[in-house]
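>>> Curious how this folds, go ahead:
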Amino acid sequence: MFRARRIPAREAPGILRRFGRNDSGVAAVEFALLGSTFLLLVCMTLELGLLLFTQSVLNDAVRDGARLIRVGQADTSSIFVAKVCAKAGPLVPSCTTSLKYKVQAAASFGSLSATTALANQYDAGTSAQDVIVQIGYSRITILPWTSTYLSGTNLLVSTIAFQNDPY
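Numbering: from 1, shown residues only. From the prediction side, this is the model:
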């Protein structure tokens, strides 16, 4: 049976001093305190980087699709969506169904309105009309626990306005 030994009062400061100098396990305690915060920051940086890269690719895809409208080569929405999906590539899964778009034309830019309520409207207009093209994509976060900080799904909207070429 274990019997506790009583430490005399004059030996107590020496034991505390030795305990204070013992640094075994410090790295494990520091990692437990700071490691989770560091991993959260690294994962959030990767998630935000991918989000911004997806936005950049979407902007480029809309610019190429709008170029087809501007020169009169995209008479239907299917040509426009096919061009955007070909450019967006693997960053937008099931592109033809997950993208929402709104293409509207008017005689002046003052008559056009940009919105985030996209409803797959397509009016490419005629020669020399002003056009606004918007594409929206709801991107789901890759790491589920980052949705606490990034709201789960992020709506990426890309907008471009231009005047059709006179053709």
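>>> What is the neighbour count of Val157?
Close neighbours of Val157, defined as other Cβ atoms under 10 Å, add up to 18. No exception for glycine: its C-beta is placed from N, CA and C like everyone else's.
>>> now do the one 4 residues further on
Counted with other Cβ under 10 Å, residues neighbouring Ala161 total 13.
>>> That one: which element?
strand 153-163 (DSSP states H and E).
>>> same check, this time on Tyr137
Element membership for Tyr137, per DSSP H and E: strand 130-140.
>>> For that strand, name the packing helices and strands.
Counting contacts by 3 or more Cβ pairs under 8 Å, 6 or more residues apart in numbering; DSSP states H and E, strand 130-140 packs against helix 26-70, strand 100-106, strand 153-163.
>>> excluding its backbone neighbours, what's nearest Asp60?
Leaving out its chain neighbours, the residue that sits closest to Asp60 by Cβ to Cβ, 6 or more residues apart in numbering is Lys87, at 6.3 Å.
>>> Surely the one you found touches Asn59?
No. The pair Lys87 / Asn59 is not scored as a contact, 10.2 Å apart, by Cβ atoms under 8 Å.
>>> just for this structure, where's the confidence low?
1-22, 146-152, 167 (pLDDT under 70).
>>> Report the buried residues of the strand holding Tyr137.
Residues Asp130, Val131, Ile132, Val133, Gln134, Ile135, Gly136, Tyr137, Arg139 are the ones in strand 130-140 that count as buried (16 or more other Cβ atoms under 10 Å).
>>> List the residues that contact the closest residue in space to the last one that isn't next to it in sequence.
Nearest in space to Arg139, with sequence neighbours left out and distances taken as Cβ to Cβ, 6+ apart, is Asn154 at 5.0 Å. By Cβ atoms under 8 Å, 6 or more residues apart in numbering, the contact list for Asn154 reads Leu51, Ser138, Arg139, Thr141.
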